[in-house]
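Asks: Take this sequence and fold it.
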Amino acid sequence: MSRQRILLIGHPDGLLNWRLPLRVLVINVSLLVLCLLLAIAALCYGTLHLSLEQLFSALSGQAPESLMIVVTQWRLPRITMALLLGGALGMSGAIFQSITRNPLGSPDVIGFNMGAYTGALITIILFSGGYYHIAIGALAGGLLSAVVIYLLAWRQGIVGFRLIIVGIAISTVLVSTNTWLIITASVERAMDAAIWQAGSLNGLTWQKSQPAIVFIGLAASAALLMSKRLQLLEMGDDAAQALGVNAESSRMWLMLFGVTLTAAATAAGPISFIALAAPQIARRLTGQSSVTLTSSARVGAALLLGVDTISQPLFAPIQLPVGVVTVSIGGLYLIWLLIRESRR
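Replies: Below you'll find the predicted structure:
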């Protein structure tokens, strides 16, 4: 790998001393600009097309009330949640791929999102829960599945490949459980579950977004504080412990934050592919040997918003759930990744 240019911020002997690869900075700024452009496009285009002048008038509160409702109450919450959920999935994927040191170490593959899916289904079918209850049920299901997978994979420590294999096995059991829950539910509850499991961003409001915003905000902040430890864990447990990092404790906390991010995103419905692909795309864009949390989050946000923005007019007038599109793309990507890994 070619030597990268380093941007020095501060003074080597001062309190402010940051060394940031210039390529990483350029890529992250470009991703932020891309997210902004996608957000503007999503706000402008739809059943009702808006000009930039109309958009800025609505955002500043100077447009007719009907136009302000379309922009601030219908489109803006959907776009905000697409960015937030995509960022959470991208960061969660980066955490688990770093812990397992395997590009297949995604919550989609390991089964943590399936545990969150089961918890949400139980809340919908057995307790007829609302959006807040679904969010809590998804979080509880994700955490419980993580505990089970961790305990079953434990053999004097955690090995990434064993964690993936155990996760796939538990995920298969949970798929059967989810199928049983749906076929034994009443028609009304089964329809609610079917609508939710499509992974749609339709109908999201600021009120419905509150649980995800709280959980994702707390988990993402905590994960970023441990990003240095995550990079040391990629070097191996022995190297991390030699540098003063408690490997098992750090791994457990990072897994907790990653599962929380996945479960909070699953509360809106299972959305595949983002957590699997975003960290690898970010790693290739930045040219880094390790997966970075911030870059993965920005790629995940851009991916989910981009897919949602493109799929809406592409399949109009049908409002195709974004989860249906991402799982289709993710299936093809997973096949390619499996072939690539088997050849290596």
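Asks: What are the boundaries of the strands in the stretch 101-250 of the chain?
Replies: For the stretch 101-250 of the chain, no strands are identified by DSSP state E, counting those that start in this stretch.
Asks: Residue ranges in it under the pLDDT threshold?
Replies: Residue ranges of the stretch 101-250 of the chain with pLDDT under 70: 157, 160.
Asks: hmm, try it at 50
Replies: For the stretch 101-250 of the chain, no stretch has pLDDT under 50.
Asks: Tell me who's in contact with the residue minimising distance to the centre of the chain.
Replies: The centre of the chain sits closest to residue 89, judged by C-alpha atoms, centre = their mean, with a distance of 0.8 Å. If a contact means C-beta atoms under 8 Å, 6 or more residues apart in numbering, then residue 89 has 107, 261, 262, 265, 271, 274, 275, 278, 300, 304 as its contacts. From N, CA and C alone the C-beta is placed, and that goes for glycine too.
Asks: which stretch of helix or strand covers the fifth one?
Replies: What it means is residue 271. In the assignment (DSSP states H and E), residue 271 maps to no helix and no strand.
Asks: Surely it touches residue 277?
Replies: No. Assessed by C-beta atoms under 8 Å, residue 271 is found out of contact with residue 277, at 11.9 Å.
Asks: Show me which of those two is the more surrounded one.
Replies: Per other C-beta atoms under 10 Å, whichever of residue 271 and residue 277 has more neighbours is residue 271, with 33 against 26.
Asks: Can you give me the pLDDT of that one?
Replies: If you check residue 271, the pLDDT there is 86.
Asks: Residue 310 versus that one, what's the distance?
Replies: Separation of residue 271 from residue 310 (C-beta to C-beta, to the nearest Å) stands at 15 Å.
Asks: for residue 288, same thing?
Replies: From residue 288 across to residue 310, the span is 28 Å (C-beta to C-beta).
Asks: Tell me which of those two has more neighbours.
Replies: Of the pair residue 288 and residue 310, residue 288 is the one with more neighbours under other C-beta under 10 Å, namely 18 against 15.
Asks: host element of the closest residue to the more buried one other than its chain neighbours?
Replies: Distances taken as C-beta to C-beta, 6 or more residues apart in numbering place residue 24 nearest to residue 288, at 6.8 Å, with adjacent residues excluded. Here residue 24, judged by DSSP H and E, is contained in helix 22-44.
Asks: Next, count neighbours for the residue nearest to residue 288.
Replies: Residue 24: 20 neighbours (other C-beta under 10 Å).
Asks: Over to residue 83?
Replies: For residue 83, using other C-beta under 10 Å, the count is 22.
Asks: That one contacts residue 301, doesn't it?
Replies: Yes. At 4.4 Å, residue 83 counts as touching residue 301 under the criterion of C-beta under 8 Å.
Asks: who touches both of these two?
Replies: Common neighbours of residue 83 and residue 301 are listed as residue 35 (criterion: C-beta under 8 Å, 6+ apart).
Asks: Can you show me the helices along the stretch 151-300 of the chain?
Replies: 160-184, 187-197, 206-225, 227-233, 237-242, 247-266, 274-286, 293-314 (DSSP state H, counting those that start in this stretch).
Asks: So which of these is nearest residue 339?
Replies: Closest approach to residue 339 among the helices of the stretch 151-300 of the chain (C-beta to C-beta): helix 274-286, 14.5 Å.
Asks: Can you pull out the residues in contact with that closest one?
Replies: 21, 23-24, 27-28, 86, 89-90, 92-94, 96-98, 103, 106-109, 113, 262, 289-292, 295-300, 303-304, 326, 330, 333-334, 337.
Asks: likewise stretch 188-207?
Replies: So stretch 188-207 is contacted by 73, 77-78, 81-82, 85, 117, 120-121, 124-125, 128, 134, 181-183, 185, 268-272, 308, 319, 321-324, 326-327 (C-beta under 8 Å, 6+ apart).
Asks: can you check stretch 41-53 too?
Replies: 40, 55, 58, 67, 70-71, 75-76, 78-79, 82, 305, 308-309, 312-313, 316-317.
Asks: That one: how far from the chain's middle?
Replies: For stretch 41-53, the distance from its own C-alpha centre to the chain's C-alpha centre is 26 Å (C-alpha atoms, centre = their mean, to the nearest Å).
Asks: about what we covered before: which one among the contacts of residue 89 gets closest to residue 230?
Replies: Nearest to residue 230, judged by C-beta to C-beta, of these is residue 261 at 13.4 Å.
Asks: That closest one contacts residue 94, doesn't it?
Replies: No. Contact between residue 261 and residue 94 fails when scored by C-beta under 8 Å: they sit 9.9 Å apart.
Asks: mind listing what residue 66 touches?
Replies: Listed by C-beta under 8 Å, 6+ apart, residue 66 has no contact partners.
Asks: pLDDT of the helix or strand where it lies, averaged?
Replies: For residue 66, the enclosing helix or strand under DSSP H and E is helix 65-68. In this model, helix 65-68 has a mean pLDDT of 88.
Asks: Buried by neighbour count: which residues of that helix qualify?
Replies: Buried positions in helix 65-68, judged by neighbour count with 16 or more other C-beta atoms under 10 Å: 67, 68.
Asks: next one: stretch 189-200
Replies: Those would be 189, 190, 192, 193, 196, 197, 198, 199, 200, for stretch 189-200 by 16+ other C-beta under 10 Å.
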